[in-house]
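> Predicted model follows, preceded by the sequence.
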Amino acid sequence: MQIYQVGGAVRDRLLGRAVHDRDWVVVGSTPEEMAAAGYQPVGRDFPVFLHPQTHEEYALARTERKSGRGYHGFVVHASPDVTLEEDLARRDLTINAIAANAEWTGTGAVFDPYNGVADLHARVLRHVSPAFAEDPVRILRVARFAARFTDFSVAPETLALMRQMVDNGEIDHLVPERVWQELARGLMEARPSRMLQVLRECGALAVLLPEVERLWGVPQRADYHPEVDTGVHLLLVLDMAAHLQTKLAVRFACLTHDLGKGTTPAHILPRHLGHEGRSAALLQDVCERLRVPTDCRETADVVAREHGNIHRSESLNADAILRLLERCDALRQSARFVDVLLACECDARGRGGLQDSPYPQRPRLAAALQVVQQVATAPIAAQAAASGARGPQVGDAIRRARVQALQQWLNDPAAAEPS
């Protein structure tokens, strides 16, 4: 039995990056020997085991043969005679096909049969072999790595192979859960715009997210959007979300906030009247198709519907502010409203030359919500009920008190200053 470190742990050590997870390959062993040594089997499709102490994953060296379309269309062969080089050959990129012995700590020799170290130095994402084309998930992985390693380029021959995979329809067989998993990971990388750019270059974005692909080439009003092109604006918004270190729900909302602009009638361009409602409708289609988690779906829906109103909120009176808070369900979902405001800030600052501009709407509306939340509703409801009010009439009394509190806050210049 020979044990090697492989993949991302070796790659990241060579790059001087922090290593969070390690993957191991075991050469020359069998499932029976692994179990006898105390390793716990967990692999369903191929032999993977958990170390008895560290609980890290150890996989038997294996080869794969294409047997059908899509991510699951493989026959796996794992046996003691599979070599380390054969195991590395099935990996996606050369920089992920580097191995080192179990004791390796970042210095000394590595096993590099596919010149991954040279590609690390050259900052290139390059496929290991033509077998790359057998797994459509690898298109998404390359795009995700481009978003993580921001100074790496995709090798021309790899990009050409990705285009060929899209043209051959291989990407049509991806399961929704895996698309969402890779998309979510890419959104959380250092520069998520690069993921979309790579997916566009190979044609995959038009297949996986046609609602997003349609945004390129759609003009916007230059007085609001110096970058003019809606697709370019989207890239700037996503990178602003990364710059502000936002969570996934915020970044997904940024990705989908302007979908409706891709369906704006040509005769009213560059205006986009009513795009918020169209964005919300298209968002629901995307969420159903990719089975997007509820928190991401709900945050994105509020942002799609209300981002324009939030941008204009500095001119709203007390009653209009309360109606905005009510539409956003901010009183019940205050934590989500914080995320909504952050996504709107990314939208406002994700514009050409405006990246460093302040966004006072966010602290102002957060303060307005706090004012409303501080209104003691129980005494108001009791007093209204004592005077004979019932049902909606009690609600009206509470609402009048909230509007009054907001009006008093608006009239106080010191309280109106953003914190």
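Arrived safely, thanks for sending. Numbers count the residues shown, from 1 in each chain.
> host element of Ala330?
Under DSSP states H and E, no helix or strand contains Ala330.
> Can you point out the buried residues in the longest helix along the chain?
As assigned by DSSP state H, the longest helix anywhere in the chain is helix 392-411. Of the residues in helix 392-411, 394, 397-399, 401-403, 405-407, 409-410 count as buried by neighbour count, 16 or more other C-beta atoms under 10 Å. In this view, the C-beta of every residue, glycine as well, is placed from N, C-alpha and C.
> swap in stretch 7-24?
Judged by neighbour count using 16+ other C-beta under 10 Å, the buried positions of stretch 7-24 are 7-14, 22-24.
> With distance to Gly274, pLDDT and secondary structure as extra columns, can I get the residues you listed in TSV?
TSV is the format used below for the buried residues of stretch 7-24 (distance: C-beta to C-beta, whole Å; pLDDT from 0 to 100; DSSP: H, G, I helix; E, B strand; the rest coil):
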residue	distance to Gly274	pLDDT	secondary structure
Gly7	48	89	coil
Gly8	45	92	helix
Ala9	50	92	helix
Val10	52	96	helix
Arg11	47	96	helix
Asp12	47	95	helix
Arg13	52	95	helix
Leu14	52	95	helix
Arg22	52	89	coil
Asp23	49	90	strand
Trp24	55	94	strand
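> From these, pick the one nearest Gln355.
Nearest to Gln355 among the buried residues of stretch 7-24 is Asp12, at 29.2 Å by C-beta to C-beta.
> and the closest one, what does it touch?
Contact analysis of Asp12 by C-beta atoms under 8 Å, 6 or more residues apart in numbering lists 18-19.
> Could you check how far it is from Pro113?
Relative to Pro113, Asp12 is positioned 19 Å away (C-beta to C-beta, to the nearest Å).
> from the buried residues of stretch 7-24, which is closest to Thr294?
Nearest to Thr294 among those, with distances taken as C-beta to C-beta, is Gly8, at 30.0 Å.
> you'd agree that closest one is up against Ala18?
No: the pair Gly8 and Ala18 does not pass the contact test of C-beta atoms under 8 Å, sitting 11.2 Å apart.
> My guess is Ala249 contacts Asp301. True?
No: Ala249 lies out of contact with Asp301 (C-beta under 8 Å); the separation is 10.9 Å.
> more crowded one of the two?
Ala249 (23 against 18; other C-beta atoms under 10 Å).
> Thr107 falls within a strand, correct?
No: read with DSSP: H, G, I helix; E, B strand; the rest coil, Thr107 is coil and lies in no strand.
> residue boundaries of the strands in the stretch 1-150 of the chain?
With DSSP state E, counting those that start in this stretch as the criterion, the stretch 1-150 of the chain has strands at 2-6, 23-27, 40-41, 48-50, 57-60, 62-66, 74-78, 99-101, 124-125.
> Throw those strands into CSV and include distance to Leu255, thanks.
Compiled in CSV, the strands of the stretch 1-150 of the chain are given as follows (distance: least, C-beta to C-beta, whole Å):
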stretch, distance to Leu255
strand 2-6, 32
strand 23-27, 29
strand 40-41, 38
strand 48-50, 33
strand 57-60, 31
strand 62-66, 32
strand 74-78, 31
strand 99-101, 36
strand 124-125, 22
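> Perfect, that will be all.
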